[in-house]
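Q: below are the sequence and a predicted model for it; my questions follow.
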Amino acid sequence: MRADNSRHLIEAARKRAEQTRRRALRALNHLDDTDTPITFEAVARQAHVSRSWLYSQPDLRAEIDALRTRHQPASGSPQAPQRQRATDESLLRRLEAATRRIRQLEEDNHELRQALAEALGAARITRTTGSTTRSDTPGRHKTKLIGPC
């Protein structure tokens, strides 16, 4: 008859469960310390455990939910990780570029309005005089141009 070695198996399973729990707690602490968003997926990946195991552990599940709530931004929108956030200098450069672009668009808009006013003036002269000679082109007539209303 064989000896009952089940106590060795039970002890090995208990140690393995303790190690898994320690890994999960270390992962939670690491994610909390680095301000990484805390999700079941992130904890499972960091601890090398399954999400279903995390969900089956009431105390770990409660801790994940508590940390998740604590780390949520007040605005309700998730923030980008620190390494992806824009620096003050890059934001300033983007603002300067946008300002230059706005000035250019305003200048283009002014030029287009002026060209439209001249074209409408030329069209008005053509309608009134019925003439389409070269002297009726914008800038060559003596009639004052009226801009758009």
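A: Received, thanks. Numbers count the residues shown, from 1 in each chain.
Q: which ones are touching the residue lying closest to Arg23 once chain neighbours are set aside?
A: Among residues not flanking Arg23 along the chain, Ala47 sits closest, at 4.3 Å (CB to CB, 6 or more residues apart in numbering). Where C-beta positions appear, they are placed from N, C-alpha and C, glycine not excepted. Applying CB atoms under 8 Å, 6 or more residues apart in numbering, one finds that Ala47 lies in contact with 20, 23-24, 26-27.
Q: buried sites along stretch 32-47?
A: 38, 40, 42-44, 46-47 (16 or more other CB atoms under 10 Å).
Q: name the helices or strands packed onto the helix or strand where Asp59 lies?
A: Element membership for Asp59, per DSSP states H and E: helix 58-71. Contact here means 3 or more CB pairs under 8 Å, 6 or more residues apart in numbering; DSSP states H and E; on that basis helix 58-71 packs against helix 6-33, helix 40-47, helix 51-56.
Q: can I get the CA coordinates of the helix-or-strand element of the chain with minimal mean pLDDT in CSV?
A: Of all the helices and strands that make up the chain, helix 58-71 has the lowest average by mean pLDDT, DSSP states H and E, namely a mean of 87. The C-alpha atoms that make up helix 58-71 are tabulated as CSV, following Å, rounded to 0.1, in the frame of the first residue of the first chain:
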residue,chain,number,x,y,z
PRO,A,58,-13.1,39.3,-2.9
ASP,A,59,-10.4,41.2,-1.0
LEU,A,60,-8.3,41.8,-4.2
ARG,A,61,-11.4,42.8,-6.1
ALA,A,62,-12.4,45.3,-3.5
GLU,A,63,-8.9,46.8,-3.4
ILE,A,64,-8.8,47.1,-7.2
ASP,A,65,-12.2,48.8,-7.2
ALA,A,66,-11.1,51.2,-4.4
LEU,A,67,-7.9,52.1,-6.1
ARG,A,68,-9.6,52.5,-9.4
THR,A,69,-12.1,54.9,-7.9
ARG,A,70,-9.3,56.9,-6.2
HIS,A,71,-7.3,57.2,-9.4
